[in-house]
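Participant: Turn this into a model:
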Amino acid sequence: MAKPRIAILHYSGPPVIGGVEFIIRAHAKQFSQAGFDTRLIVGKGGSIDDGIKTVIVPEIASRGGPLARILTELSHGNVPKTFDNAVKRVERKLAAALKDVDVCMMHNVLTMHFNLVLTAALANIMRRNRTVHFVGWTHDLTFSDPLYEPHQHRRYPWSLLLQPLPGCDYCAISKQRQIEMRKIFRLPARRLPVIPDGIDVPGLLDLTPLARRLFEEEGLATVDMVALTPARILRRKNFGVGMEIVAALKRQGYSVRWIISGAPDPHNAESMRYYRMLRSLRRKLKIEKDVIFLSERVKERVSSRDLHSLYSIADMLLFPSDREGFGLPVLEAGVHGLIVCINDIPALRELGGNEAVYIHLGDSSDMIARKIIKAMRKRPELLYRKKVISSYAWDVIFRDYLHPVVMRPQTVWTDRAAIAHERGGVRRRTKKNGPV
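Facilitator: Numbering: from 1, shown residues only. Reported below is the predicted structural model:
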């Protein structure tokens, strides 16, 4: 199936700073990275990425650009005589900007009063157009916010904000917004699906390019448990025990990624023999995708900043070493708030105290896995962190919400046949009141 061409429309775009601007930037980047032809249509802004075209239409800015006087009159509750001609002017410009577009996502411009010339122009375009899928992305509503009471007029063109405009599918960014939209539009919830905003997890964690690549390629946002061992591949590090624990966690229904940051010493025959044995054990336990030797994935040296980033994306330090003189990773994991699973040897117990999960001689891997799971369940802040990342990371939002919007809209708006039947156009406004 050919990928639809996408336009994202708002009053302004980056580098203008604002909540909606951050969201449309993220949407545009997600679609562009997934291979979609993507453009921004904004009243003011600039280029955000080499693969994303920005079309500037000054008349659709929140202050109207060349139409500023008309918007000033509207802000006082007056509809100037020049309004209809301004609407036609914006229609022409938008028609050119929307050329060859298959899906147009319009953020806030159908439910906010900031540029009613734009809203009216879009209402006319959507009434006539049958080739573009228009989506009204709703972050805010003039008619649900007491702050905007001076702008809550119930005559045209403000009345456009009080009705679901024909030719458009609407969505809300939260259940609260959905409730407010249902009250205003008098529509069932299935007509107003919730599509939440997302967060840039790698950006918030300030991940290095190496860690960001690993986070995205491995889909770590949705992995139940990310374990880390910052150590070279030496026999005394006891990695075989760690592999048995990973396999046991999988048997108990948990998805796991264990990242081993160190590499074997190619000049040390014993180190290489041990590495080959570990790879064989990994195949035997069927955890080849679950145990990641970072040296197999990257050629560059793992820097201290990379290691800090790996701690940031991990949930647990898995450190089954059977000989240590101290154990700095235990302290580093503590600073990062990780669950600490360590071998019960004097140097590590001295650091881990009563807070660590210990690997005792004679413990089965299933027993250790159960102790790890119990420790995680006792950490509400860690569970919430996992919930946030697995539900709101941008790659998850794109997979679960944004991609279906453009590729399978019938799964997002389940009664689209009924919607299509209603698309007869906004009723012509009367000279006195306009459409209702």
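
Participant: Quick one: neighbours of the closest residue to Asp200 other than its chain neighbours, just the number.
Facilitator: Leaving aside its chain neighbours, Asp200 sits nearest to Trp394 (5.9 Å; criterion: CB to CB, 6 or more residues apart in numbering). C-beta coordinates here come from the backbone N, C-alpha and C atoms, glycine included. By other CB atoms under 10 Å, 22 other residues sit near Trp394.

Participant: Give the full set of residues in contact with Trp394.
Facilitator: 26, 30, 198-201 (CB atoms under 8 Å, 6 or more residues apart in numbering).

Participant: how close does it sit to Val194?
Facilitator: Trp394 is 17 Å from Val194, where distance means CB to CB, to the nearest Å.

Participant: what does Leu122 give?
Facilitator: 22 Å.

Participant: In terms of neighbours, single out the busier of those two.
Facilitator: Leu122 (27 against 14).

Participant: My guess is that one contacts Leu165. True?
Facilitator: Yes. In this structure, Leu122 is within contact of Leu165 by CB atoms under 8 Å, at 7.5 Å.

Participant: quick one, what contacts Asp206?
Facilitator: By CB under 8 Å, 6+ apart, the residues touching Asp206 are 309, 312.

Participant: pLDDT score for the residue nearest to Asp200?
Facilitator: We note a pLDDT of 97 for Trp394 in this prediction.

Participant: Would you list the phi and psi of it?
Facilitator: Per-residue torsions, Trp394: phi -60, psi -40 (degrees, to the nearest 10).

Participant: repeat for Gln252
Facilitator: Here Gln252 shows phi and psi, under degrees, to the nearest 10, equal to phi -90, psi 10.

Participant: my guess is it contacts Ile372, does it?
Facilitator: No. Contact criterion CB under 8 Å: Gln252 and Ile372 do not qualify, at 9.5 Å.

Participant: neighbour count winner among those two?
Facilitator: For Gln252 versus Ile372, neighbours defined as other CB under 10 Å are more numerous around Ile372 (24 against 11).

Participant: show me what contacts that one?
Facilitator: Counting by CB under 8 Å, 6+ apart, Ile372 touches 225, 245, 249, 316, 339, 341, 357.

Participant: what would those look like in TSV with neighbour count, secondary structure and distance to Val135?
Facilitator: Output for those, formatted as TSV (neighbours: other CB atoms under 10 Å; DSSP: H, G, I helix; E, B strand; the rest coil; distance: CB to CB, whole Å):
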residue	neighbour count	secondary structure	distance to Val135
Met225	24	strand	36
Ile245	28	helix	46
Leu249	26	helix	41
Met316	24	strand	40
Ile339	23	strand	42
Cys341	25	strand	46
Val357	22	strand	47
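
Participant: Would you format those residues as CSV with pLDDT and distance to Lys284 included?
Facilitator: Formatted as CSV, the contacts of Ile372 follow (pLDDT from 0 to 100; distance: CB to CB, whole Å):
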residue, pLDDT, distance to Lys284
Met225, 98, 21
Ile245, 98, 15
Leu249, 98, 17
Met316, 98, 23
Ile339, 98, 26
Cys341, 98, 22
Val357, 98, 25
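
Participant: can you redo these as a markdown table with distance to His308?
Facilitator: As requested, the contacts of Ile372 are arranged in a markdown table below (distance: CB to CB, whole Å):
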| residue | distance to His308 |
| --- | --- |
| Met225 | 20 |
| Ile245 | 24 |
| Leu249 | 25 |
| Met316 | 16 |
| Ile339 | 18 |
| Cys341 | 20 |
| Val357 | 23 |
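
Participant: Let me know the closest of the residues you listed to Lys3.
Facilitator: Distance to Lys3, by CB to CB, is smallest for Met225 among the contacts of Ile372, at 34.3 Å.

Participant: I figured that closest one hits Ser255, correct?
Facilitator: Yes. Look at Met225 against Ser255 with CB under 8 Å: they come within range, at 7.3 Å.

Participant: quick check: domain ranges of the chain?
Facilitator: Per automatic domain parsing, the structural domains of the chain span 6-198+395-422, 201-391.

Participant: I'd like to know how far the residue nearest to Asp200 sits from Val226.
Facilitator: From Trp394 over to Val226 (counting by CB to CB), the distance is 18 Å.

Participant: picking up where we left off before, which residues are in contact with each of Leu122 and Leu165?
Facilitator: Common neighbours of Leu122 and Leu165 are listed as Leu110 (criterion: CB under 8 Å, 6+ apart).

Participant: how about the strands in the stretch 301-436 of the chain?
Facilitator: 316-319, 339-343, 357-359 (DSSP state E, counting those that start in this stretch).

Participant: should've said the stretch 51-200 of the chain
Facilitator: Counting by DSSP E, counting those that start in this stretch, the strands of the stretch 51-200 of the chain are 52-56, 103-107, 133-138, 168-172.
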